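[1] Sequence and predicted structure below; questions after.
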Amino acid sequence: MKKIIYTIASISFLLFISCGPSAEQKAAKEKAKMDSVAAATALNIKQQQESDAASQTAAAEDAANQDALKNQLIELKAQLAGEETKMDDIKKFHLGRLDSEKEQQIADQTAVIERLKNAIIDVDNQIKK
């Protein structure tokens, strides 16, 4: 009786050990693992490419913004030159103009020139950033 129990126990043990995954199952599991690694690598490469594209787009937008600021600076400097010419004309003698009118015109023109100078400084600082 003991022999039969030991024999049945031995056979059960051998069957239990041999019931592990087959070579095909192991290969399928390894293939699934490799596919998962490949998919993760592809996703990582795609995200890196998207990040690079976003960086290039941001750089292009920054360059366009810098160009727009430079154009604005040129326009402001041209306006300033025009307003300074106007100031020179205001300071000249005008027949029939009162001194108080002249002083008011000079004060108004000075304010315009100061606003333009401040705008030029602001745009210049934005360009330097």
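    Happy to help now that I have it.

[2] which residues of this protein score low on pLDDT?
    In the predicted model of the chain, residues 14-22 satisfy pLDDT under 70.

[3] hey, where'd the helices end up in it?
    Secondary structure of the chain (DSSP state H): helices at 2-18, 23-91, 99-128.

[4] Can you tell me which of those is most buried?
    Sort the helices of the chain by mean neighbour count, taking mean count of other C-beta atoms under 10 Å, and helix 99-128 sits at the top with a mean of 13. C-beta here means a position set from N, CA and C on the backbone, and glycine is covered the same way.

[5] quick one, that one and helix 23-91 angle?
    Calculated by axes from the mean of the first three to the mean of the last three C-alpha atoms, to 10 degrees, helix 99-128 forms an angle of 160 degrees with helix 23-91.

[6] which helices and strands does helix 99-128 pack with?
    Applying 3 or more C-beta pairs under 8 Å, 6 or more residues apart in numbering; DSSP states H and E, we find helix 99-128 packed against helix 23-91.

[7] Need the contact partners of stretch 61-68.
    Contacts to stretch 61-68, defined as C-beta atoms under 8 Å, 6 or more residues apart in numbering, come from residues Ile127.

[8] Now find how far off-centre that stretch is within its chain.
    Centroid separation for stretch 61-68 versus its chain: 13 Å, with C-alpha atoms, centre = their mean, to the nearest Å.

[9] Same question for stretch 75-90.
    38 Å.

[10] which residues touch that stretch?
    Lys102, Gln105, Ile106, Gln109, Thr110, Val112, Ile113, Leu116, Lys117, Ala119, Ile120, Val123.

[11] Nearest residue to the third one in space, please, no chain neighbours.
    Ranked by C-beta to C-beta, 6 or more residues apart in numbering and with sequence neighbours excluded, the top spatial neighbour of Ile106 is Ile90, at 5.7 Å.
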